[in-house]
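Engineer: Coordinates only, no sequence provided:
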């Protein structure tokens, strides 16, 4: 834990404050788990804390303790703006650039509140007065675990523990990614002791799929394509295909990882069309030395982690696939 950050945060939290906690747009398990856990901690310390999500989140996260208190900006814009304008402090968790809250960006920038960043992604921007940035960490939830442990080790309860366990589990791929350390497992052990129900959480996240999601996965895998002469595969889904299988937010979560199950493959990608937003969302996963973070930043206006990143394309699916294939071939030497 960074001493300067901890001292500054302690000073800010001495007296009760009005606090807004923000995840990024399309929040995942780590974003929601960390923001809700931090909200529970702040509320227990006497602060008026609320989580404002830019938009909806996957259905398999709607059981998280406290999720019913979340204000969704795209649904209750005026209420969200009132909280942002009145806030003394704004915490941004699991992202490090205000563009990640999209429609909320201007309002958050203009807010008079002191801004505090807690995040584990690379290359943070400088909008925050206080910044706790650790790109090598498994998850933002593990960072929040360390932060709460440093502030008050007695504060952990089942609500906080279940939220943090969820984010650590999902962002480590159920503890199999290289970012999982002995410290990660020690945090998980402490969270179990505090009331986290690991098997129940795993079932809620991974074993509650509706039938159409499995059909969509089958279609996606049937279209997996390997780029000749490279250890790279990609998949894609059009809007028509999503509609055909009654797509719900979160249905394609984890699809990209299936490409890495293939022997010899070190880079897997998926491209998903969103006609309403006029773009194609891209997710990249790699194993070993190849940096999908650099690949995403260079070719598809994205970024993230060394082995897990995302990007986007504003052209057609056909053109996006051609551009992706060309980009991979330009990087062919990096796979050898």
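Structural biologist: Noted; the coordinates are in hand. The structure displayed is predicted, hence computed values, not measured ones.
Engineer: so what's the residue lying closest to residue 185 once chain neighbours are set aside up against?
Structural biologist: Of all residues not flanking residue 185 in the chain, residue 175 sits nearest, at 7.2 Å (C-beta to C-beta, 6 or more residues apart in numbering). Where C-beta positions appear, they are placed from N, C-alpha and C, glycine not excepted. Residue 175 is in contact with 168-169, 184-185, 188, counting by C-beta atoms under 8 Å, 6 or more residues apart in numbering.
Engineer: Report the buried residues of stretch 226-236.
Structural biologist: By neighbour count, and taking 16 or more other C-beta atoms under 10 Å as the criterion, the buried residues in stretch 226-236 are 227, 230-236.
Engineer: just to revisit the earlier point, for the residue nearest to residue 185, give me the pLDDT.
Structural biologist: Residue 175 is assigned 95 on the pLDDT scale.
Engineer: and it, that's in a helix?
Structural biologist: No. Under the criterion used here (DSSP: H, G, I helix; E, B strand; the rest coil), residue 175 is coil, not part of a helix.
Engineer: Quick check: phi and psi at residue 152.
Structural biologist: Residue 152 has phi and psi values of phi -170, psi 90 when expressed as degrees, to the nearest 10.
Engineer: what about it, neighbour count?
Structural biologist: Summarising burial for residue 152: neighbours were counted as other C-beta atoms under 10 Å, giving 11.
Engineer: mind checking how far it is from residue 223?
Structural biologist: For residue 152, the distance to residue 223 (C-beta to C-beta, to the nearest Å) stands at 50 Å.
Engineer: Same question for residue 87.
Structural biologist: Counting by C-beta to C-beta, the gap from residue 87 to residue 223 is 46 Å.
Engineer: For these two, indicate the residue with more neighbours.
Structural biologist: In this view residue 87 and residue 223 are compared by other C-beta under 10 Å, and residue 87 has more residues nearby, 24 against 11.
Engineer: what's the distance between the more buried one and residue 33?
Structural biologist: As it turns out, when the distance is counted by C-beta to C-beta, residue 87 lies 22 Å from residue 33.
Engineer: next one: residue 6
Structural biologist: Between residue 6 and residue 33 the distance, using C-beta to C-beta, works out to 21 Å.
Engineer: before we move on, what about residue 241?
Structural biologist: When distance is defined by C-beta to C-beta, residue 241 is 30 Å away from residue 33.
Engineer: The two: which is more packed in?
Structural biologist: Neighbours were tallied for residue 241 and for residue 33 using other C-beta under 10 Å; the higher tally belongs to residue 33 (33 against 16).
Engineer: Surely that one is within a helix?
Structural biologist: Yes. Residue state for residue 33 (three-state DSSP) corresponds to a helix.
Engineer: nearest spatial neighbour of it, skipping sequence neighbours?
Structural biologist: Nearest non-adjacent residue to residue 33 (C-beta to C-beta, 6+ apart): residue 167, at 3.0 Å.
Engineer: which residues touch the one you found?
Structural biologist: Contacts here follow C-beta under 8 Å, 6+ apart; on that basis residue 167 touches 29-34, 37, 139-142, 144.
Engineer: Would you mark the buried spots in stretch 83-93?
Structural biologist: Across stretch 83-93, burial judged by 16+ other C-beta under 10 Å covers 83-84, 87-93.
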